[in-house]
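J.: build me a structure from this.
(2 chains)
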Amino acid sequence: MANETSRERLEKRIDCRSFAERIMELDPGDSKAFQHRELRDHLLTCPDCQNLMHAFWSTRSDAVHPRLTSSILEQTSGGSCRQATELLCDLIDGTLAENQAQLVELHLAHCPDCTRLAEVLDEMKRSLPTLAELRAPIGFANQVLGSLPFSRQSRPGWIGRLQAWFAALPERPLISVEAAYLGALLMFLLFGNPFAALPESRRLLAGFAEQVGAVQLAQTGYEGVERYVQNSFEAVNVATTRLQASGQDLEELRADLSGKIDTYYGRGQSTVKSVAHFFEQKGSNIKKKLQSPER
Amino acid sequence: MDLAILLEHCKRGDQLAWEALVRQYQGRVYAIAYHYVGNSEDARDLAQEIFVRLYGTVKTIDHQRFVPWLIRISRNASIDFLRRRKVRPQSGETDISEMTDLANDGANPEELCDAGLRRSVLYRALSKLTGLNREVIILKEIQELSIEEIATLLGVPVGTVKSRSNRARLELARKIIELGGLPNGE
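T.: Okay, here's the model as predicted:
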């Protein structure tokens, strides 16, 4: 290459079109790029290609004209905003397939309108559920409770009350005791007095015992009254003897005592009569009870 | 209290349970009513009416279907209300001071202010949407019902709801951009 003649170099000269086609070979970052002598020679002599070289290698893909992509798309596939917009909700919800999500995100990176829309959709996703509940006006609950037909229908019909009572029954604290009581009552109603099942002989014996007890009581009563009267007489006699010994006016005293004795005697007699009447009644009742048929 | 237990008590006529249910769901019912009718006065009346309807039918509902059911009757009542009053949602009646949402409890005043401004823009943008798009946004994005539930509710195919949902979101986003965007979105 170093021995290359001027003639050979002239033969290898390239035109602007060929230079443009091979411009990729002249990467300024590559130290061997300018070993392509024919390209370098052309570049040194052609101001147009110098400008092309500068423009090409000083511009990156992300620094192209902002309208370039859109104008290309307008002339080819058309704008992609519509498709991206349709997928934005799924992108925000995270339900988009990964590769499709990457494509939408790439679009968003270059489309401020769709980016804004995506931002608002994202904010909406966080803000809208906070509107699910609002604080009702003060006193609203009381107003609602007041407007409910508690006063008109607060007491449901008897069927409703019975149902409510029955439903609440298992929660009563004394339910076991109440259930036992009701069970016993039911048994009593169904099968009658359990004592009714006693043998007839025991029932008769109980009647006799009652009768004997009443007779004994009556006898004790009579004896008590009799003893009381006798004691009274004895007391009067003792008092009379003592008075005689003291020399007091016996006639006056005797008259006084006689009156009192009459009074006490009368009272004792009426007491005895009333006791007798009482026991007579009692005995009569017992007799009737014994004679009447068992319920 | 667990919703299942709460509902069980309500079905037995437990008034305290009913009050608890009202307090627990009034915010949601009020929000739905507000989104449909667009002003607080009507929303309050409507929410009240919805709870009266709810009271009459609560015995029939299963707790697993309760929230979608609540949203459905709230939505139906709202539409009835609009039809009855012949009122269309209005854009200019949104009062920022009224729009305290439960999600911002405990936030500082600055955050509350930002949140209020954001909601204001959202409401205004929402009110500019077409009827079906607004409804889809309310049911899907705000109340977070599933596509299937919305399809059942609106009586349209699932595919229609899905495509309508994305379209509605895009429409809302564009309206928000027209209004200057959501302030302090973060």
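J.: other SSEs contacting the least confident helix or strand in chain B by mean pLDDT?
T.: Lowest on mean pLDDT, DSSP states H and E among the helices and strands of chain B sits helix B:109-127, with a mean of 78. Counting contacts by 3 or more C-beta pairs under 8 Å, 6 or more residues apart in numbering or on different chains; DSSP states H and E, helix B:109-127 packs against helix A:112-127, helix B:158-178. For glycine as for every other residue, the C-beta is placed from the backbone atoms N, C-alpha and C.
J.: would TSV of those helices with mean pLDDT and mean neighbour count be doable?
T.: TSV is the format used below for the helices and strands packed on helix B:109-127 (pLDDT from 0 to 100; neighbours: other C-beta atoms under 10 Å in any protein chain shown):
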stretch	mean pLDDT	mean neighbour count
helix A:112-127	91	18
helix B:158-178	91	18
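J.: in JSON lines, list those along with distance to residue B:40.
T.: Shown next, in JSON lines, are the helices and strands packed on helix B:109-127 (distance: least, C-beta to C-beta, whole Å):
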{"stretch": "helix A:112-127", "distance to residue B:40": "20"}
{"stretch": "helix B:158-178", "distance to residue B:40": "22"}
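J.: so which of those comes closest to residue A:88?
T.: helix A:112-127 (5.3 Å; C-beta to C-beta).
J.: who are the packing partners of the closest one?
T.: Using 3+ C-beta pairs under 8 Å, 6+ apart as the contact criterion, the neighbours of helix A:112-127 among helices and strands are helix A:81-93, helix A:98-110, helix B:109-127, helix B:158-178.
J.: and the angle for that helix with helix A:81-93?
T.: Comparing the axes of helix A:112-127 and helix A:81-93 via axes from the mean of the first three to the mean of the last three C-alpha atoms, to 10 degrees yields an angle of 30 degrees.
J.: wondering if the helix or strand that helix A:112-127 is followed by reaches chain B at all.
T.: Per DSSP states H and E, the first helix or strand lying C-terminal to helix A:112-127 is helix A:140-147. Yes. If you take C-beta under 8 Å from any C-beta of the partner chain as the test, helix A:140-147 does meet chain B, through A:140-141, A:143-145, A:147.
J.: cool, and stretch A:97-107?
T.: No. Judged by C-beta under 8 Å from any C-beta, stretch A:97-107 makes no contact with chain B; its nearest approach is 13.5 Å.
J.: buried residues, that stretch. List them.
T.: By 16 or more other C-beta atoms under 10 Å in any protein chain shown, the buried positions in stretch A:97-107 come out as A:103-104, A:107.
J.: which of the residues you listed lies closest to residue B:25?
T.: Using C-beta to C-beta, residue A:104 is the member of the buried residues of stretch A:97-107 that sits closest to residue B:25, with 39.2 Å.
J.: picking that back up, buried subset of the residues of helix A:140-147 next to chain B as a PyMOL selection?
T.: Selection of buried members from these for PyMOL, criterion 16+ other C-beta under 10 Å:
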select buried, chain A and resi 140+141+143+144+145
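J.: now do the contacts for the nearest residue to residue B:122 once chain neighbours are set aside.
T.: Spatial nearest neighbour of residue B:122, excluding adjacent residues (C-beta to C-beta, 6 or more residues apart in numbering or on different chains): residue A:127 at 6.1 Å. Residue A:127 sits next to B:118-119, B:122, B:182, B:185 when contact means C-beta atoms under 8 Å, 6 or more residues apart in numbering or on different chains.
J.: report the buried members of the residues you listed.
T.: Judged by 16+ other C-beta under 10 Å, buried ones among these: B:118-119, B:122, B:182.
J.: and residue A:169, how many neighbours?
T.: Other residues lying near residue A:169 total 11 when counted by other C-beta atoms under 10 Å in any protein chain shown.
J.: contact partners for it?
T.: For residue A:169, the contact set (C-beta under 8 Å, 6+ apart) comprises residue A:175.
J.: circling back: got the buried residues for the least confident helix or strand of chain B?
T.: Of all the residues in helix B:109-127, those buried under the rule 16+ other C-beta under 10 Å are B:114-116, B:118-127.
J.: packing partners of the helix or strand following that helix?
T.: Counting by DSSP H and E, the next helix or strand C-terminal to helix B:109-127 is helix B:131-136. On a contact count with 3+ C-beta pairs under 8 Å, 6+ apart, helix B:131-136 meets helix B:147-154, helix B:158-178.
J.: turn these into a markdown table, including distance to residue A:164.
T.: Conversion of these to a markdown table gives the following (distance: least, C-beta to C-beta, whole Å):
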| stretch | distance to residue A:164 |
| --- | --- |
| helix B:147-154 | 32 |
| helix B:158-178 | 41 |
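J.: nearest to chain A, of these?
T.: Closest of these to chain A is helix B:158-178, at 4.2 Å (criterion: C-beta to the nearest C-beta).
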